[in-house]
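In: Provided below are the primary sequence and the corresponding predicted coordinates.
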Amino acid sequence: MPTIIIQRLGVVNKNDVNFTNPVVIPDPKAVEFSNEITPNYIETTVFGRNEPVLTYKNTTRTIKLAFEMVGSNSLNNYINALNKLLYPSYDFDYVMVGAPLFGVKYGNLICDNQDATKGLICGLKNVVIGPKFEYGRILGAGDFGAGLGQIDATNSDTQPNVVGFKSFKVAMNIIPLHSSPVGFNEGVEFSNSQFPFGE
């Protein structure tokens, strides 16, 4: 399966978008994916007409992505990193300076609407992370090292009840923020022939 990459949106200007703090899921399992596109209308009912008068508002897109990750060691660092991405940025005086926006890439299924090699700029409506307890265990002295995705449990006296999860499931609702307008140019040619799944 393609690698899932979730990056936090950094500095933005009209020429470039910078991403920071990537969380890379190299081998996701049991992936679930759906892409929902919904035209929205204002419905007005009038006397003598059975059907409503439709006034077009917009077309919205929602992507649902769920996956499982299984490792031979604790994956708590991945869980922590995903949770941290969802909070805003503050300056040194704790004044909010940045909202949690993202770039998400999953092969050609989730990508920029103009360049399939780039991540899709988006918001995350919600992220549900559920460790699979059947794989969890109480870590004792020297069970695992302190590398990426692992827990330092070398001292059972100071960390007697550290739970390391070897598997977890993530489900997220993605709100795309396309990098350019999506639709037909002058009613004839679509803005991107490969939308929504680039090649």
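Out: All right, it came through fine.
In: what distance separates the strand ranked longest in the chain from the centre of its chain?
Out: In the chain, assigned by DSSP state E, the strand with the most residues is strand 53-70. Going by C-alpha atoms, centre = their mean, to the nearest Å, the spacing between the C-alpha centre of strand 53-70 and its chain's C-alpha centre is 13 Å.
In: now the helices for the protein?
Out: With DSSP state H as the criterion, the chain has helices at 76-84.
In: What are the boundaries of the strands in it?
Out: Under DSSP E, the chain gives strands at 4-12, 17-25, 29-44, 53-70, 89-90, 96-98, 102-106, 120-131, 137-139, 162-164, 167-176, 184-185, 189-190.
In: Need the winner for burial among the ones you listed.
Out: Ranked by mean neighbour count under mean count of other C-beta atoms under 10 Å, these are led by strand 102-106, which reaches a mean of 23. For glycine as for every other residue, the C-beta is placed from the backbone atoms N, C-alpha and C.
In: Residue ranges in the chain under the pLDDT threshold?
Out: 10-19, 72-74, 135-163, 199 (pLDDT under 70).
In: mind running it again at 80?
Out: 1, 10-21, 71-76, 131-166, 187, 198-199 (pLDDT under 80).
In: Dump the strands of the chain into a markdown table; add distance to residue 198 as well.
Out: Formatted as a markdown table, the strands of the chain follow (distance: least, C-beta to C-beta, whole Å):
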| stretch | distance to residue 198 |
| --- | --- |
| strand 4-12 | 15 |
| strand 17-25 | 17 |
| strand 29-44 | 12 |
| strand 53-70 | 14 |
| strand 89-90 | 29 |
| strand 96-98 | 27 |
| strand 102-106 | 11 |
| strand 120-131 | 10 |
| strand 137-139 | 41 |
| strand 162-164 | 37 |
| strand 167-176 | 13 |
| strand 184-185 | 18 |
| strand 189-190 | 13 |
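In: for residue 62, what are its contacts?
Out: 35-36, 38, 125, 173-176 (C-beta atoms under 8 Å, 6 or more residues apart in numbering).
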